[in-house]
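J.: Generate a structure from the sequence data that follows.
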Amino acid sequence: MDLKTLKTDIIPKRPTGIKVAAPHELDLKAICCFVATGFFLDSDTYWQDEKVLAPGCIHIIDDTGTLQGSEAYFEWHSSPRNLPFNQALDAFSELFENIVTEQTQGHRVILPLSGGLDSRTQAVALRNHASVNTFSYAFKNGYPETKIAKQIAQQLGMPFRSFEIQPGYLWTCIDALAKINGCYSEFTHPRQMAVINTIGSMGDLFSLGHMGDLLFDTMGLPQLNFDEEVSLIQERFVKKGGYELGALLWTSWGLIGDFDAYLKLRLSEMLSKITIGDTNAKLRAFKSRYAVTRWSSNNLSVFESAAPIALPYYDNRMYDFVCSLPEAYLSNRRLQIAYIKRHAPALAKITWQAQRPYNLYNYSRNRPPYNLPYRLFNKSKRILKGALNRPYVMRNWELQFVGEANDKHLKHHLFDSGLDTLVPLAHIELIYKKFKTHDAVCYSHPVSMLLTLAMFNNLFNK
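T.: Predicted coordinates:
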């Protein structure tokens, strides 16, 4: 028997699927958990005979494509070194800039900019690159994030383009998006899909800042015991409306056992694979290994459909570095902020969107009473927009599900696409009604998951 090895990245850009000995039937338990959380757990897929290879492992596969064994070459750990902060900053600066240079050298780089820190650190690392084209986008009637991004680009002398994402754009591209992401994540988040062809022509390589905010921050938690950590994971990763829909499907599909107990067991088993004592480091590792791998990474395929992608925070060297840092150095984005201040102080003076109207020098004043004038002014603007029938758009789903035209498309996919061959019509009607009349914020998630199942049912459930 011929054997080959396959090495999966610590955080893969895309999961690697493999066939296993099982019936080619829907994995209904996995789908219930998918609905509840928004991502498939661990190695689950839609199908019983298809699994995803574990990240950070070397896998042995025979000539029939069957997995014979796996061995981890990386385990998430917390091994903080006793080093001064400036020494940690030196190490981060050198590592980050080396990675960015290796990934982008000789390329015409396309850099998405936001009002946050991850893309700003990339802009600093690319400040001397020969060819960088930048862009940003904002929702119509949303916060004008593009203004901050434009200031960053102008300060560095980088060409910049601004895009406004229009309401209802999803319905013109949902078929293409479903084929790109395989219906392994819902469709309201990858707003780049609205302009993907245009931004893809701006260069030959996307440099993306995904995962920086997770690696270089702490969750600010006290030390918890294992059961408390599992409860916290349930609280943070299980959506209230998604759990309700998952429980309905569990019952209607006649699955054995209790959905709540099964979901808690799966999350507990996943967490037990991470042998870290410190709660903050442990939950960072949990989110990286499971949520990023099975949710965030999935939508990278949208960018990749237009041009190759490079992700400095996905480089394997970054994870050992993060695991070697004291938790205090990772809290409140300290390293990224210090890096920007050291190498591009003018960029540090530009508004930090998460702390607006403050910047990287004065964001500590974003608390009462200092921030009350801005908060009152901002609230007044939102009220005025509402009075003018221009509601302030703060969430992705508002751009795609709210309004008469959006509602028409949404109802078509939920009620006229054959989804009721998979999901009982009574459940579809109940979730839709609660979204429209009860709590749109809570039920936007299960509505979006129903839309995802509708597209999967049409395209892949053959």
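J.: Spell out for me which residue occupies the centre of the chain.
T.: Closest residue to the average C-alpha location of the chain: residue 296 at 3.2 Å, with Cα atoms, centre = their mean.
J.: The nearest residue to it once chain neighbours are set aside: which element?
T.: Spatial nearest neighbour of residue 296, excluding adjacent residues (Cβ to Cβ, 6 or more residues apart in numbering): residue 210 at 6.0 Å. C-beta: built from backbone N, CA, C; applies to glycine. In this assignment (DSSP states H and E), residue 210 forms part of neither any helix nor any strand.
J.: Tell me who's in contact with residue 210.
T.: With contacts defined as Cβ atoms under 8 Å, 6 or more residues apart in numbering, the neighbours of residue 210 are 118, 292, 296, 297, 300, 311, 313, 314.
J.: Would you list the buried entries among the residues you listed?
T.: Neighbour-count burial within the contacts of residue 210 applies to 118, 292, 296, 297, 300, 311, 313, 314; the criterion is 16 or more other Cβ atoms under 10 Å.
J.: Surely the first one and residue 313 touch.
T.: Yes - Residue 118 is within contact range of residue 313, at 7.3 Å (criterion: Cβ atoms under 8 Å).
J.: okay, and the common contacts of those two?
T.: Each of 209, 210, 211, 212 lies in contact with both residue 118 and residue 313 under the rule Cβ under 8 Å, 6+ apart.
J.: now those in JSON lines, with distance to residue 125?
T.: Compiled in JSON lines, the shared contacts of residue 118 and residue 313 are given as follows (distance: Cβ to Cβ, whole Å):
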{"residue": "209", "distance to residue 125": "10"}
{"residue": "210", "distance to residue 125": "15"}
{"residue": "211", "distance to residue 125": "15"}
{"residue": "212", "distance to residue 125": "11"}
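J.: immediately after the helix or strand of the chain with the lowest mean pLDDT, which helix or strand?
T.: For the chain, counting by mean pLDDT, DSSP states H and E, helix 372-387 ranks last in confidence among helices and strands (a mean of 61). Counting by DSSP H and E, the next helix or strand C-terminal to helix 372-387 is helix 396-401.
J.: list the buried ones in the following helix or strand past that next one?
T.: Toward the C-terminal end, the helix or strand that comes next after helix 396-401 (DSSP H and E) is helix 404-415. Using 16+ other Cβ under 10 Å as the burial criterion, the residues of helix 404-415 that qualify are 406, 409, 410, 413, 414.
J.: out of those residues, which one sits closest to residue 63?
T.: residue 413 (42.0 Å; Cβ to Cβ).
J.: now, the most widely separated pair of the buried residues of helix 404-415?
T.: 406 and 414 (12.2 Å).
J.: Break this structure into its domains for me.
T.: Domain assignment of the chain by automatic domain parsing yields the ranges 85-218+299-365, 403-459.
J.: Save those as CSV, and put in distance to residue 24 too.
T.: Supplementary listing: the domains of the chain in CSV, determined by distance: least, Cβ to Cβ, whole Å:
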stretch, distance to residue 24
domain 85-218+299-365, 16
domain 403-459, 15
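J.: Out of those domains, the one nearest residue 55 is which?
T.: Nearest to residue 55 among these is domain 85-218+299-365; the distance by Cβ to Cβ comes to 10.4 Å.
J.: Many thanks, have a good one.
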